[in-house]
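1. got a sequence here, can you build the structure:
(2 chains)
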There are 2 protein chains.
Amino acid sequence: MNGHSLPAEVRAQLLGACERIVGPAGVLSDPDELRVYDCDALTFFHRQSPDLVVLPTTTAQVSDLLQLCYAHRVPFLPRGAGTGLSGGATPHAGGVMIVLTRMTRILDLDLPNRMATVQAGCVNLWLTKAVEPYGLFYAPDPASQTACTIGGNVAENAGGPHCLKYGVTTNHVLGATVVLPDGEVVRLGGKVADLPGYDLLGVFTGSEGTLGICTEVTVRLMPQPEAVKTILAVFRAVEDASNAVSGVIARGIIPVAMELLDRETLKAVEANVKAGYPLDAGAVLLIEVDGPRAQIVAEAVGVEAVCRDQGCLDVRVAQTEEERVLLWKGRKEAAGSFGRIAHRYYLQDAVVPRTKLAHVVREIEAIATRHGIRIANVAHAGDGNVHPMICVDPSIPDCEERAIKAGSEVMRCCIDAGGTVTGEHGIGNEKREYLRYMYGPADLEVMERIRSVLDPLGLCNPGKIFPDGNASGAGVAPATPAAVRGHR
Amino acid sequence: MNGHSLPAEVRAQLLGACERIVGPAGVLSDPDELRVYDCDALTFFHRQSPDLVVLPTTTAQVSDLLQLCYAHRVPFLPRGAGTGLSGGATPHAGGVMIVLTRMTRILDLDLPNRMATVQAGCVNLWLTKAVEPYGLFYAPDPASQTACTIGGNVAENAGGPHCLKYGVTTNHVLGATVVLPDGEVVRLGGKVADLPGYDLLGVFTGSEGTLGICTEVTVRLMPQPEAVKTILAVFRAVEDASNAVSGVIARGIIPVAMELLDRETLKAVEANVKAGYPLDAGAVLLIEVDGPRAQIVAEAVGVEAVCRDQGCLDVRVAQTEEERVLLWKGRKEAAGSFGRIAHRYYLQDAVVPRTKLAHVVREIEAIATRHGIRIANVAHAGDGNVHPMICVDPSIPDCEERAIKAGSEVMRCCIDAGGTVTGEHGIGNEKREYLRYMYGPADLEVMERIRSVLDPLGLCNPGKIFPDGNASGAGVAPATPAAVRGHR
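-> Predicted coordinates for the structure are as follows:
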């Protein structure tokens, strides 16, 4: 499978032109090299190679590349580290993939104003490491933070365990340099909180690479808390743990993180990480509070009281930094650990109102039973962000069909509970059809109009977000884009 | 001045049709009644009556009204309480004004999830009063909160003293029901933090009524803090107070509020409110910290230490709730108090990076001296949001011209310092030309494209935000709007 979608002569022309823009070392065209880029971390669906991979190092190069693609009417898409889980950084049908992993520089640390400006390919954790000596950190911490890039985080509006208290990526991005689909470079946002004009930074954040390519990002940095307490609460059943999550918030405590791991997940994690989680529990909550020392002592007491009210079996507070790090290692490597309990797996992502968590988890169990498969649950429970992990076991007949059907029912159940079909991984290729369940035609049309005005030719990451028949590719772009820009 | 811009027969037709939609009691057409709506709180510029004022009570009525205006190609604009300061809720050249002050209901209080859904005309403070018994509050608190509406807050992305710690309106709005310019009703956002698809709620928030009319808003509610401490720090000079503001943040303390009042402002406030502010100081800071009791005791000690380091003359902590309320009354009524020291005044609004505050205040003083006028300063200093109050004294020759020139220089100075031309009051009529100083043509064009796709006929609050020659009215709308929507 070489995945080439372009006629050979167009591809050869583009190859030459791309090499002139970024140098020969910045272009990959060999099928074996391209295969590396044929999926993201969602390996279950949609493998497709790009025609070319280009690795620019400057905003000007990205602008030149997009002008080139636009002139040739060739689709293109951006990619960071490829750790996404919805196929957002996978080509729909070939085209030019623009990979930002060589744009890794931290351009500016503005410590007095607690802001940093980085190139889009800067790895999430590198930024936190760079500002650690100054008592600061970058708050959004996806489980993939050792690999994922800030630019990718902006594209997907990434969350993470610590986003319960601190907010997701969009709450931390202050500005971005964006190359629009036609190659124009614009600066969205800036170093102040409330800019005049339309807040296009907000639309761009989470637009999954469909409105242009972000090359530089200015983010807010947070002061490190005075102290941290990490609590492991052990429950007989997922439902008790879910109720404890609502109970903690209802008590007026907002922990930094409240992560739920169910029995199956605990098995997987312990087989891989040996984090010291119990294997006989129905579920655990990993709860972290941070802030001034006196405050978190009081909060930890409150958290423990709520957990005991929900009949928890045990509450353990990490006594050393090593113990704390190990507990987090277990949680952060949960997705990677599922290979220990399943041949293949299909990781889902949805959000439900916090108070519906117990109900939804019960429903997910019923769905698993109905389809005769296993579904493990790991969740950013404080946000109501569930990650049902559907195990695909080849010893079960029709295992893939069952997984897909169960996945679809899980999504419907979350929508019916007042939730949404993605918490942090985006719509990408995978969830396009679900948008119809969530939005009416008028809502979808407004989004399409926005997309079509910024990308009238439908070349920028086509086939993502919108259901088929909506603005998902060149075919649905307005016939006369010149009219859209007629007032230029 | 009747301000009618519509031909008499069109106006008569519209009047009848509007009365059929909302009932005769919901339409105002008498010139004396319309005069009430010919300006917002920025009385200095741009008085203009609408042709008709309509007061709907439901989303369906708003939708019918916009369909009517669209069919007749008549401009329209929304208005809340009219407390804005940039002419955003003042007609550009007549048309139909849709006033939401009869849509005041609190539709839903979802206490476990800490959210409320209100009609757009609900007064800001009413919501906080309604949830007070449950230990909650609505955080954004504009100085006008006793009058201004949640819908108006959304239109202007309003801030307030307590937004330093809690964020501005856009950080608290979770969802909105919006009637698009052609009458379509869409629901933006919802009850979860990170929705799939484009974040149009973010664009809508702060779009100053130019992208449609918001009729219902879902907002986040916050738990009341355990305790509050309010500190008045007295300084010899504005510069010392400004440096203290940066110093507090640099120490890792984020107060709820850090408000600066200079000597002229103190004079005005004391003449009006008698809040107990000193009259011999160069400036005061009103600093409030909230949170768990132990934490704020420590923070208050830290704040005092920073202020002393900056040579402050006195630090006073409010000892009773009455004292605290009185100090805040002084601050919140500052704008209304300026009448005590100036015949008329022109209140400005800009944001600068916090570390540039002392520099900008020095520059403002120099501008005042150069033009032979007085400029008082009151600021949400923690956010770098300055409100220079330019006094217009008719005993000085050419006082208005001087005020306008000085205002323009103040804006330029704030932009040059890396700031922006509005912190919370918007661009409206008043500041359209400044956008050119802040954004390049490509940036402005992206915003215009967004506007033209949602409002291809340019009927929704025309003449706002964009500089003349940009998408500020019907003349610049695409010639063939049908092409824009061709993929319907």
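
2. wait, A:Met222 sits on A:Pro140?
-> No: assessed by Cβ atoms under 8 Å, A:Met222 is found out of contact with A:Pro140, at 10.1 Å. Every residue, glycine included, has its C-beta placed from N, CA and C.

3. measure A:Leu52 to chain B for me?
-> As judged by Cβ to the nearest Cβ, to the nearest Å, A:Leu52 and chain B stand 27 Å apart.

4. again but with A:Ala139, I slipped
-> Separation of A:Ala139 from chain B (Cβ to the nearest Cβ) stands at 14 Å.

5. OK, contacts around that residue?
-> A:162-163, A:166-167, A:172, A:220, A:222 (Cβ atoms under 8 Å, 6 or more residues apart in numbering or on different chains).

6. now A:Gln310
-> Neighbour list for A:Gln310: A:235, A:240-241, A:243-244, A:247 [criterion: Cβ under 8 Å, 6+ apart].

7. show the pLDDT at it.
-> Looking at A:Gln310, its pLDDT stands at 95.

8. out of the contacts of A:Gln310, which is nearest to A:Val123?
-> Using Cβ to Cβ, A:Ala241 comes nearest to A:Val123 of these, at 32.4 Å.

9. am I right that that closest one is in contact with A:Arg263?
-> No: checked against Cβ under 8 Å, the pair A:Ala241 and A:Arg263 is beyond contact range at 10.9 Å.

10. so what sits against both of these two?
-> The contact sets of A:Ala241 and A:Arg263 overlap at A:282-283 (Cβ under 8 Å, 6+ apart).

11. quick one, which of these two is more surrounded?
-> Taking other Cβ atoms under 10 Å in any protein chain shown, A:Ala241 and A:Arg263 do not tie; A:Ala241 has more neighbours (30 against 17).

12. quick check, that one in a helix?
-> Yes: counting by DSSP: H, G, I helix; E, B strand; the rest coil, A:Ala241 is located in a helix.

13. OK, contacts around it?
-> Residues near A:Ala241 by Cβ under 8 Å, 6+ apart: A:233, A:235, A:260, A:282-285, A:310, A:312, A:381.

14. what's the nearest residue to A:Gly167 if we skip its chain neighbours?
-> Nearest residue to A:Gly167, sequence neighbours excluded (Cβ to Cβ, 6 or more residues apart in numbering or on different chains): A:Ala139, at 7.2 Å.

15. give me the pLDDT value at that neighbour.
-> 96.

16. and the stretch 151-300 of chain A, which of its residues are near chain B?
-> Contact residues (Cβ under 8 Å from any Cβ of the partner chain) of the stretch 151-300 of chain A with chain B: A:157, A:159, A:167-168, A:170-171, A:180, A:184-188, A:190-203, A:205-207, A:211, A:223, A:246, A:249-250, A:252, A:291-292, A:294-295, A:298.

17. out of these, which are inside helices?
-> Of those, the ones assigned to helices by DSSP state H are A:200-203, A:246, A:249-250, A:294-295, A:298.

18. which residues does A:Leu260 bridge with?
-> Legend: beta-bridge partners of A:Leu260 under DSSP bridges are A:Leu285, A:Ala379.

19. OK, contacts around it?
-> If you count contacts by Cβ under 8 Å, 6+ apart, A:Leu260 has them with A:238, A:241-242, A:245, A:283-286, A:377-379, A:381.

20. closest to chain B among those residues?
-> Of all these, A:Val245 has the smallest distance to chain B: 11.4 Å, by Cβ to the nearest Cβ.

21. which one of A:Met222 and A:Pro140 has more residues nearby?
-> For A:Met222 versus A:Pro140, the count of surrounding residues by other Cβ under 10 Å is larger for A:Pro140: 28 against 20.

22. for the more buried one, which non-adjacent residue is closest in space?
-> Spatial nearest neighbour of A:Pro140, excluding adjacent residues (Cβ to Cβ, 6+ apart): A:Thr169 at 4.8 Å.

23. dump the residue contacts of the one you found.
-> Residues counted as contacts of A:Thr169 (Cβ under 8 Å, 6+ apart) are A:140, A:153-154, A:156-159, A:205-206.

24. so which bits of the stretch 1-150 of chain A are right by chain B?
-> Proximity of the stretch 1-150 of chain A to chain B, by Cβ under 8 Å from any Cβ, involves residues A:112-114, A:135.

25. state the pair within the residues you listed that is farthest apart.
-> A:Asn113 and A:Gly135 (14.5 Å).

26. these two: which has the busier surroundings?
-> A:Asn113 (20 against 12).

27. which ones are touching the more buried one?
-> By Cβ under 8 Å, 6+ apart, the contact list for A:Asn113 reads A:191, B:353-355.

28. any idea which of those residues is the one closest to B:Ile367?
-> Nearest member of the contacts of A:Asn113 to B:Ile367, counting by Cβ to Cβ, is B:Pro353, at 19.0 Å.

29. count of residues packed around the closest one?
-> Other residues near B:Pro353 come to 21 when the count uses other Cβ under 10 Å.

30. highest neighbour count among the contacts of A:Asn113?
-> B:Arg354 leads the contacts of A:Asn113 on contacts (other Cβ under 10 Å) with 24 neighbours.

31. not counting its neighbours along the chain, what's nearest that one?
-> The shortest distance from B:Arg354 to any non-neighbouring residue, by Cβ to Cβ, 6+ apart, is to B:Gly384 (4.5 Å).
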